[in-house]
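S.K.: Kindly generate the corresponding structure for this input.
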Amino acid sequence: MNQVTLDETTNYIFQWELIGNDEILIILSANVKTWLGVGWGNEINGMSNADYAVGIFDNNGKLNMSDMVVTPSQKMNKPNYDTKVGGTNDILTSYGYQTSDYTYIKFTRKLVTGDVVGDRDLFVDGRMTRLIWARGSSQNLTYHGQNNRGEISIDLSGANKSIQVNNSKDIYLYWHIALMLGSFLVLMPFGIFVARYMRHYHYWFPLHYLLLGSAFTFSIVAFILAFMMTTDRKFSKDVLHAWFGLFTIILMCLVVIGGVMSHLMWKPDRKNTPIFPDIIHAFMARLTYLVALVSIWTGLNTFGIPKEFSIVLGFVVTLFFGLVIFLEIYRKRYPNSVGDHGYDKKEIVLEDRNRTNSTININN
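M.R.: Numbers count the residues shown, from 1 in each chain. Below is the predicted model of the structure:
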């Protein structure tokens, strides 16, 4: 019996053995109570164009072994039953059981089934076979999360013991997370902070421009990487995080457009801050920040990121909001200390007096 460990976290093991010249026995086991699945194909694109065998247990502990597929023409990447796309169920035999912390599944099928719609042939002639594996976080067949899946390439003939781990999408994920956190936990909140509380410094606008511009660039790159992680570079309509991410990018674009318009339409002799575009720009920036936080939170849950990251995220956000609340209360408590655009009113009066005195001295 040949075997390879797919996931060391749960000791998810893939075992196989050839039966004669035309059948294969496959065993899946893991130290977790959930559904297990494996897929294969030689022209896989993400999850598309792959054959899947998924073992699901009902409430009575009975195994339902499913022959499934994601065809190249499918709009959604969730596997369908072969019988629903014009194929056939080619699982020959199956058996499985579960305990409170263990799942065991075995099944047999033909190497070549003849089902050209629903199945992809398995080869044992020395070529590498690309395998996709996944496990759930519950008994229900729902999205597995980024950390509960993986890809490897193995030789099913058993002659070549080497294993190729395909982890390019994991690299995209790490960069996506880093860029999103940098954009909306560091750059954007500080950009908002500068515009709100630091306008008495002459360099506030270049700093605000740099922070928000960098946040926008980071978020765009992160959004592109998100597409790189998806199957066939398609929008994942069935993932809540994808929708919040899309809304965040749209709002971020509107914030940048509003900021440019606010700068171009600014007049030094204006008496009040106009609703359009200045106030709307400020409101959109705050709304974008809040939506981005929800997007990050849903992303951490979608990709199965450890809860410690959520705790750190909550601490950082709480600290930022606490600082903002303190400054807002301070401004209301001491209304004469901070005037329009953050200038200290006493300093403004003193500065005007100095200018007047300088003018008088020059004239004299």
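
S.K.: From here on, just use CA atoms for contacts and neighbour counts.
M.R.: OK.

S.K.: the strands in the stretch 251-364 of the chain, which residues?
M.R.: With DSSP state E, counting those that start in this stretch, there are no strands along the stretch 251-364 of the chain.

S.K.: Please enumerate the helices of it.
M.R.: Along the stretch 251-364 of the chain, counting by DSSP state H, counting those that start in this stretch, helices occupy 280-302, 307-333, 345-363.

S.K.: which stretch in those is the model least sure about?
M.R.: Lowest mean pLDDT within those: helix 345-363, a mean of 49.

S.K.: Kindly compare burial across the helices of the stretch 251-364 of the chain and name the winner.
M.R.: Most buried of the helices of the stretch 251-364 of the chain, by mean neighbour count (mean count of other CA atoms under 10 Å): helix 280-302, with a mean of 19.

S.K.: Does it pack against any helices or strands, and if so which?
M.R.: Judged by 3 or more CA pairs under 8 Å, 6 or more residues apart in numbering; DSSP states H and E, the packing partners of helix 280-302 are helix 188-197, helix 240-264, helix 307-333.

S.K.: quick one, it and helix 240-264 angle?
M.R.: 160 degrees (axes from the mean of the first three to the mean of the last three CA atoms, to 10 degrees).

S.K.: Provide the angle between the direction of helix 280-302 and the direction of helix 188-197.
M.R.: 160 degrees.

S.K.: Using CSV, write out the CA atom coordinates for helix 280-302.
M.R.: What follows is helix 280-302, C-alpha atoms only, in CSV (Å, rounded to 0.1, in the frame of the first residue of the first chain):
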residue,chain,number,x,y,z
ILE,A,280,-18.5,63.4,0.9
HIS,A,281,-14.8,62.5,0.4
ALA,A,282,-14.3,62.3,4.2
PHE,A,283,-17.5,60.3,4.7
MET,A,284,-16.6,57.8,2.0
ALA,A,285,-13.1,57.3,3.5
ARG,A,286,-14.6,56.4,6.9
LEU,A,287,-17.2,54.1,5.3
THR,A,288,-14.5,52.4,3.2
TYR,A,289,-12.4,51.8,6.3
LEU,A,290,-15.3,50.2,8.1
VAL,A,291,-16.2,48.0,5.1
ALA,A,292,-12.6,47.0,4.8
LEU,A,293,-12.5,45.9,8.4
VAL,A,294,-15.5,43.6,7.7
SER,A,295,-13.8,42.3,4.6
ILE,A,296,-10.6,41.5,6.6
TRP,A,297,-12.7,39.8,9.3
THR,A,298,-14.6,37.6,6.8
GLY,A,299,-11.3,36.8,5.0
LEU,A,300,-9.7,35.5,8.2
ASN,A,301,-12.7,33.2,8.7
THR,A,302,-12.9,32.2,5.0
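
S.K.: Next up, the contacts around the one residue sitting closest to the centre of the chain.
M.R.: In the chain, the residue lying closest to the centroid (CA atoms, centre = their mean) is Gly299, at 4.5 Å. Counting by CA atoms under 8 Å, 6 or more residues apart in numbering, Gly299 touches His241.
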